[in-house]
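1. Pasted the sequence and its predicted model underneath.
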Amino acid sequence: MKRLINTILIGVLLFATITVFAQNTDKKLVYKLNIKQEITKATWRQTSQAFDAADSLNADIFLIHMNTYGGAVLDADSIRTRILESKIPVIVFIDNNAASAGALISIACDSIYMRPGGSIGAATVVNQTGAAMPDKYQSYMRSTMRSTAEAQGKDTIINGSDTIYKWRRNPVIAEAMVDQRIFVKGISDTGKVLTFTPLEAIENGYCEGTAENIPEVLEKIGVKEYTIVEYQPTWIEKVIGWLVNPMISGLLIMGIIGGIYFEMQSPGIGFPLGVAILAAVAYFAPLYLEGLAANWEIMVFFIGLILIALEIFVIPGFGVAGISGIVFVFISLVLSLINNVNFNFEHVETGRLGTAIATVVAGLFGGFVIALYLGNKVFSAQSGPFKNLALKKVQNVSEGYVSIETSLFKLKGKTGVAQTVLRPGGKVLIAGDVYDAVAEDGFIEKGEPILVKKVEATQLYVEVNETI
């Protein structure tokens, strides 16, 4: 009897375990990604991260919640390629708009669902002012849209003895969303770029159905039990988005200029230079990741800094090197804020360029003003919080402090020999020691006797010793 009871209990336990396991396996894992902004490099990075996370979680469905007017074609192309390569079924819910780059991404998905009143299409490539780009750009977009539609395959329709192959998504329709010259009988007229409403999209194979929300989409694909995991941008993505704000960019420029200024005010390499380097990295790194700052723009910035350093520490006065360095730094900071291709500004919006210039000018001016103010307040030798970092000792001339080696003055009137040719500068040998010297009148040949005529600011001035 005891053995029978144990057998029954084990059977019940196994049945319960199998039942729970079956219930759990019926519950689908849906990984959700929101694309509700302009398509940029950041969108592509976040999409890539989302697909990696979905793969690691063995998600059953990848769902894109979309509402976008488009964006960068190259980034959209990267996203659509990732979608086409995905082993997880990808569904898009168009919550109002899937225009331009958004249409390309949507067509790459396995299933498309739209909110009533939404639209998909209008994929003509335009610049930032809304004007159509040259035909070479349209040609690339046409072929990309066409191949994306073709990637969805064909349906085989058997009607009696006839076998018909019908595209799931007609590639010609995809091209008509780009080029107004393409005519699709009964669907689009020439002269108009094609855009579908939800009902039109359903009729022409570009939408599987309409839905009001995500749960309704999942219900229509037959998923009743599910868990939704939503992609959340990493803290790095949030920091990048924060750093590319024009106001923050201006503050970072202030940090670069202020750090360089303070570094030049103090001997050696210290904290201010570290601040300048950190500010420069924080300025250029997110812009580089966003595709705004290119390698050559960053290189121009550092060339500018090198020229300024040469002007300050190597070349006396202030001339071509210093001015060129300032121009290089200014140009690199401005160009890194706009989406130009090298020096081609054909498709750069005037307002965007103006904002970039204003941001850099404000940052440079603010950096100089703050550096001058803090130089007197923060590093004040009397009352500043960092007063111990400042030199307080005053070395008065009356106490014997001078800026040159006084022993050189004792050489006035001394005689020696020109160790090299003086043309007019060279070296002379006086009492067994070698000194730099300048011929006061003409050249002096090597080996000729010399007389130290005068000493000014650590420099010996000599002439041929005629008394010998």
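-> Everything's here; your move. Just so it is clear, the model here is predicted, and its values are computed rather than measured. Numbering: from 1, shown residues only.
2. How about I357: what's its closest non-neighbour residue?
-> In space, and not counting its chain neighbours, I357 is closest to V334: 5.6 Å by C-beta to C-beta, 6 or more residues apart in numbering. Heads up, the C-betas are built off the backbone N, CA and C, glycines and all.
3. what ranges of the stretch 351-468 of the chain fall below the confidence cut-off?
-> 351-353, 368, 370-406, 468 (pLDDT under 70).
4. Please enumerate the strands of it.
-> Taking DSSP state E, counting those that start in this stretch as the criterion, the stretch 351-468 of the chain contains strands spanning 415-418, 425-430, 433-439, 449-456, 459-464.
5. Tell me the helices and strands packed up against the fourth one.
-> Counting by 3 or more C-beta pairs under 8 Å, 6 or more residues apart in numbering; DSSP states H and E, the packing neighbours recorded for strand 449-456 are strand 415-418, strand 459-464.
6. now with 10 Å?
-> Secondary-structure packing of strand 449-456 (3 or more C-beta pairs under 10 Å, 6 or more residues apart in numbering; DSSP states H and E): strand 415-418, strand 425-430, strand 433-439, strand 459-464.
7. With just CA atoms, put that strand into CSV.
-> Taking C-alpha atoms only, strand 449-456 is exported to CSV below (Å, rounded to 0.1, in the frame of the first residue of the first chain):
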residue,chain,number,x,y,z
PRO,A,449,91.2,86.2,-32.1
ILE,A,450,88.2,87.9,-30.6
LEU,A,451,87.3,90.5,-28.0
VAL,A,452,84.1,90.5,-26.0
LYS,A,453,82.7,94.0,-26.7
LYS,A,454,79.5,93.8,-24.6
VAL,A,455,77.1,91.4,-22.8
GLU,A,456,73.3,91.8,-23.1
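8. Strand partners (parallel or antiparallel) of that strand?
-> In the sheet, strand 449-456 lines up against strand 415-418 (antiparallel), strand 459-464 (antiparallel) (DSSP bridges).
9. how far off strand 425-430 does the last one point, in degrees?
-> Using axes from the mean of the first three to the mean of the last three C-alpha atoms, to 10 degrees, one finds that strand 459-464 and strand 425-430 are set 80 degrees apart in direction.
10. If you count neighbours, what's buried in strand 459-464?
-> Neighbour-count burial for strand 459-464, with 16 or more other C-beta atoms under 10 Å as criterion, is recorded at L460, Y461, V462, E463, V464.
11. how about the residues you listed in TSV, adding distance to A176?
-> Shown next, in TSV, are those (distance: C-beta to C-beta, whole Å):
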residue	distance to A176
L460	86
Y461	86
V462	89
E463	91
V464	93
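12. So which of the residues you listed is the closest to A309?
-> Nearest to A309 out of these is L460 (C-beta to C-beta; 30.2 Å).
13. Might one say that the closest one is in contact with A437?
-> Yes. Contact criterion C-beta atoms under 10 Å: L460 and A437 qualify, at 4.1 Å.
14. Spit out the residues that contact the two alike.
-> L411, G416, K427, V428, I430, I450, V452, K453 (C-beta atoms under 10 Å, 6 or more residues apart in numbering).
15. check contacts around the first one.
-> By C-beta under 10 Å, 6+ apart, the contact list for L411 reads V428, I430, A431, D433, Y435, A437, V452, K454, V455, L460, V462.
16. With just CA atoms, put the helix or strand hosting F284 into PDB.
-> Element membership for F284 (DSSP states H and E) is helix 271-289. Output of helix 271-289 as PDB, limited to C-alpha atoms (Å, rounded to 0.1, in the frame of the first residue of the first chain):
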ATOM      1  CA  PHE A 271      45.800  69.000 -13.700                       C
ATOM      2  CA  PRO A 272      44.600  71.800 -16.100                       C
ATOM      3  CA  LEU A 273      46.000  69.800 -19.100                       C
ATOM      4  CA  GLY A 274      44.200  66.700 -17.900                       C
ATOM      5  CA  VAL A 275      41.000  68.700 -17.800                       C
ATOM      6  CA  ALA A 276      41.600  70.000 -21.400                       C
ATOM      7  CA  ILE A 277      42.300  66.400 -22.600                       C
ATOM      8  CA  LEU A 278      39.200  65.000 -20.900                       C
ATOM      9  CA  ALA A 279      37.000  67.800 -22.300                       C
ATOM     10  CA  ALA A 280      38.400  67.200 -25.800                       C
ATOM     11  CA  VAL A 281      37.700  63.400 -25.500                       C
ATOM     12  CA  ALA A 282      34.200  64.100 -24.200                       C
ATOM     13  CA  TYR A 283      33.600  66.500 -27.000                       C
ATOM     14  CA  PHE A 284      34.800  64.500 -30.000                       C
ATOM     15  CA  ALA A 285      34.100  60.900 -28.900                       C
ATOM     16  CA  PRO A 286      30.300  61.100 -28.900                       C
ATOM     17  CA  LEU A 287      30.300  63.100 -32.100                       C
ATOM     18  CA  TYR A 288      32.600  60.500 -33.700                       C
ATOM     19  CA  LEU A 289      30.200  57.700 -32.600                       C
END
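17. Does anything pack onto it? Which helices or strands?
-> Looks like helix 271-289 contacts helix 41-56, helix 235-243, helix 246-265, helix 295-313, helix 320-335, helix 350-377 (3+ C-beta pairs under 10 Å, 6+ apart).
18. again, only this time at 8 Å
-> Using 3+ C-beta pairs under 8 Å, 6+ apart, helix 271-289 is in contact with helix 41-56, helix 235-243, helix 246-265, helix 295-313.
19. In TSV: these, plus mean pLDDT, mean neighbour count and distance to N67.
-> Shown next, in TSV, are those (pLDDT from 0 to 100; neighbours: other C-beta atoms under 10 Å; distance: least, C-beta to C-beta, whole Å):
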stretch	mean pLDDT	mean neighbour count	distance to N67
helix 41-56	91	19	13
helix 235-243	73	14	18
helix 246-265	73	20	25
helix 295-313	78	16	33
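20. Quick check: which of these is nearest to G205?
-> Comparing the helices and strands packed on helix 271-289 by C-beta to C-beta, helix 41-56 comes nearest, at 24.7 Å.
21. List of residues touching stretch 213-233?
-> Under the contact criterion C-beta atoms under 8 Å, 6 or more residues apart in numbering, stretch 213-233 has outside partners 23, 26-34, 46, 49-50, 53, 57, 59-61, 63, 65, 91, 93, 111, 113, 208-209, 211, 241.
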